[in-house]
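1. need a 3D model of the sequence below.
(chains A, B, C, D, E and F)
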There are 6 protein chains.
Amino acid sequence: MATLGLIEYTDASAEVRAVYDDIMATRNTDYINNFWKAIAHDPATLRRTWESIKQVMAAGSLDPLTKELVYLAVSASNQCGYCIASHTAAARKAGMTDGMFTELMAVVGMANETNRLVSGYQVEIDERFGAPAKIKTIGSADAADNSTKSNY
Amino acid sequence: MATLGLIEYTDASAEVRAVYDDIMATRNTDYINNFWKAIAHDPATLRRTWESIKQVMAAGSLDPLTKELVYLAVSASNQCGYCIASHTAAARKAGMTDGMFTELMAVVGMANETNRLVSGYQVEIDERFGAPAKIKTIGSADAADNSTKSNY
Amino acid sequence: MATLGLIEYTDASAEVRAVYDDIMATRNTDYINNFWKAIAHDPATLRRTWESIKQVMAAGSLDPLTKELVYLAVSASNQCGYCIASHTAAARKAGMTDGMFTELMAVVGMANETNRLVSGYQVEIDERFGAPAKIKTIGSADAADNSTKSNY
Amino acid sequence: MATLGLIEYTDASAEVRAVYDDIMATRNTDYINNFWKAIAHDPATLRRTWESIKQVMAAGSLDPLTKELVYLAVSASNQCGYCIASHTAAARKAGMTDGMFTELMAVVGMANETNRLVSGYQVEIDERFGAPAKIKTIGSADAADNSTKSNY
Amino acid sequence: MATLGLIEYTDASAEVRAVYDDIMATRNTDYINNFWKAIAHDPATLRRTWESIKQVMAAGSLDPLTKELVYLAVSASNQCGYCIASHTAAARKAGMTDGMFTELMAVVGMANETNRLVSGYQVEIDERFGAPAKIKTIGSADAADNSTKSNY
Amino acid sequence: MATLGLIEYTDASAEVRAVYDDIMATRNTDYINNFWKAIAHDPATLRRTWESIKQVMAAGSLDPLTKELVYLAVSASNQCGYCIASHTAAARKAGMTDGMFTELMAVVGMANETNRLVSGYQVEIDERFGAPAKIKTIGSADAADNSTKSNY
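-> Take a look at the predicted model:
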């Protein structure tokens, strides 16, 4: 069903196989996800995306499990079905328990709710969180103004 | 500038003050963010949102820092300016270093990129990630079909 | 700051003025929002968008206030600052009270939260809400399967 | 297919059953949607979400039908398949006719279109819709500047 | 599965048939997509949407292929499954090759990644890209301030 | 205001300067956008993002102007203020005229509108656009079913 179909290892060019080989070696598996097989029609994008993912998801200041949790959180927030399915599996492999999953989803849900409350109520950024001084002055004026406003 | 203005502690009803007091006690601060002051015009939403946040962000299977990182990740992905500013501050308070922040953003960026590659290429979910058996059968047929398709 | 600037009435072509005149007559005002002045650089888009808005927002099975509430809800959900500001004003003009506004935002917030919980938990559509019969059969099989799954 | 499977009433804990019972009593039905069965793996989220929904969707300044229409509008705007299916059913139950549905979708469509026109054209907020005075001064300068800009 | 079902030509009113006829004539085909058949339950929306699409997608300063590529890019970015499938077909018909498709998706992916990096890092607009002078002054102050900030 | 501030050339490490130098050489300019200065706090992300952008935006099956138009279209659709401002400038530099800009925005607007109509009406993918055969069979059954459904 993928737009250009999936390229299996046996049908892949040497260039594509080299990336597949590195994916399997890095992840210690003999399985290549449909995602890689789908974008393999564009070897440059296949290589660039894989090299980027490998660099970004490697342990650093954040551990691999935290990174997988964040990846899953963003995918759930974006409502990408494939990504949720595959990154749920990846996060489990990295150590995500059912309890972590349910707490993760609760945070994702709340963040999406409060993001819209903030926007809908047109909340101005607190001075201490980085609103520039000039805006603060305006904000102060507005505060007085708003106590009136809230009456209409 | 907030739609209904901000309700300061001194102007707040007893019902609103009770929530403000709990926020300050729970967070060990004497500061109330503009967000709470803006939604305080609806005391039911103020209480419900605060109680939900308190429950969701408490340490559990995930620690508070991880939860703040996820909150910030979702807010950055949703491009909510206020939320990014306030949760960057909250995450820093919970222990986020500059190195954690930059790695977090790198993951958020990659997730948003690959989410769209997946959608754009119409990648079907791998059987092992939960695609139902019936769909798999169809998928197999499609795979053969697709190698043809990719030639047109 | 608008990309192409704003076209004021006095600087507008006859084609643009005709739309401005109809906006003012229809809305019983002598004010033209920046939105129309910004897109007036493309008279075809100005006319098409105005004619569409006029048709869509007219009283029908839904009254104008309900339509303005929905417009504001979608704009808040999409986090479009300009749209939230202008449609808050429009909704107020159509009769939105502060109480309606705060309840509206509460619904927008909850919808955004549960939309992500649904996606994150990969909830399948209930048969009675339109999931096709074939999928249902699979779903039933899955249900049994899932009670196992939820143990790992 | 749900990540953790669905928890049926007969398999549910007393804590979960209490929420299921309240859902059925409140909605005057003997049916529990898959959504609740999916998140029931996290009883705290199940209870919090249900209590929030019950509070938010109750008749207040807005009637239940209007609230269901808004919920459906946001879900359609967010393109959440499950949510659209289930809230279309809920809105119908609350009184949504086919005519209301089609007008609702027309508003959702237009809001999504104009939200992007506003962003793409970088339209600044009208002073009367809440742009702060300082920005207005800048805006006025820009207006002159823009009539030039629009010539390049 | 469409909410109101699909209206086939033989079951359509004269008003709907007139639009179907114009779609087929304009596109030089005897096929009507499900999209039109689904929204045909609202003849006003059917006509308005078709007339708008016809106007917007016609050759102008941009050629039809470029317009189809943009339509597909936005649909992929929005993760609308139906839209991706139908506009992939439309873009192919307009001349999109596999190479164009894969490059298009690469751009869509990068834009989604950098959009979030920009938001997450809270990057202020460069003065030369339209940040107003007043903000610039603030920005300059901030720059100095930020070199300090980046140390904490 | 950027979270970690902006790193100017004179304050940059050799690693960061090397990327800045390549950006200026590739783009034939002596100007570095705030975006690069903001993410320079993470040299790995700076280099990876720049190398990716350079590869993705280079002339190939699509010319640079078309790629810039797509980048701007996605940024407008995502409502990223900074990205819209900077990519409007980039697209102009690549040859975008005012007429191309206004047509581009019209397409972006329509795509966002119809994406939501499709989702809201729950339109199933046409068989000819890739809906699998099995689903088609179900779809056919549904079609009959739907003509009934559309009567209620």
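
2. can you dump the C-alpha atoms of the helix or strand hosting residue A:100 in PDB for me?
-> For residue A:100, the enclosing helix or strand under DSSP states H and E is helix A:98-120. Coordinates of each C-alpha in helix A:98-120 appear next as PDB, following Å, rounded to 0.1, in the frame of the first residue of the first chain:
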ATOM      1  CA  ASP A  98       2.800  -0.400  30.900                       C
ATOM      2  CA  GLY A  99       3.000   1.900  33.800                       C
ATOM      3  CA  MET A 100       5.400   4.200  32.000                       C
ATOM      4  CA  PHE A 101       3.200   4.100  28.900                       C
ATOM      5  CA  THR A 102       0.000   5.100  30.700                       C
ATOM      6  CA  GLU A 103       1.800   8.000  32.600                       C
ATOM      7  CA  LEU A 104       3.400   9.100  29.300                       C
ATOM      8  CA  MET A 105       0.000   9.300  27.600                       C
ATOM      9  CA  ALA A 106      -1.500  11.200  30.600                       C
ATOM     10  CA  VAL A 107       1.200  13.800  30.200                       C
ATOM     11  CA  VAL A 108       0.700  14.000  26.400                       C
ATOM     12  CA  GLY A 109      -3.000  14.500  26.900                       C
ATOM     13  CA  MET A 110      -2.600  17.200  29.500                       C
ATOM     14  CA  ALA A 111       0.000  19.100  27.400                       C
ATOM     15  CA  ASN A 112      -2.400  19.100  24.500                       C
ATOM     16  CA  GLU A 113      -5.200  20.300  26.700                       C
ATOM     17  CA  THR A 114      -3.400  23.100  28.400                       C
ATOM     18  CA  ASN A 115      -1.600  24.200  25.100                       C
ATOM     19  CA  ARG A 116      -5.100  25.000  23.800                       C
ATOM     20  CA  LEU A 117      -6.300  26.700  27.000                       C
ATOM     21  CA  VAL A 118      -3.300  29.000  26.800                       C
ATOM     22  CA  SER A 119      -3.900  29.900  23.200                       C
ATOM     23  CA  GLY A 120      -7.700  30.200  23.600                       C
END
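
3. got the angle for it vs helix C:98-120?
-> Direction vectors for helix A:98-120 and helix C:98-120, defined by axes from the mean of the first three to the mean of the last three CA atoms, to 10 degrees, enclose an angle of 150 degrees.

4. against residue A:110, how distant is residue A:68?
-> Computed with CB to CB, to the nearest Å, the distance linking residue A:68 and residue A:110 is 20 Å. C-beta coordinates here come from the backbone N, C-alpha and C atoms, glycine included.

5. how far does the helix holding residue A:100 sit from the chain's center?
-> Going by CA atoms, centre = their mean, to the nearest Å, the spacing between the C-alpha centre of helix A:98-120 and its chain's C-alpha centre is 14 Å.

6. one step back: the more surrounded of residue A:68 and residue A:110?
-> Between residue A:68 and residue A:110, residue A:110 has the larger neighbour count (other CB atoms under 10 Å in any protein chain shown), namely 25 against 22.

7. for that one, what are its contacts?
-> Applying CB atoms under 8 Å, 6 or more residues apart in numbering or on different chains to residue A:110 gives the contacts B:52, B:53, B:56, B:57, B:71, C:113.
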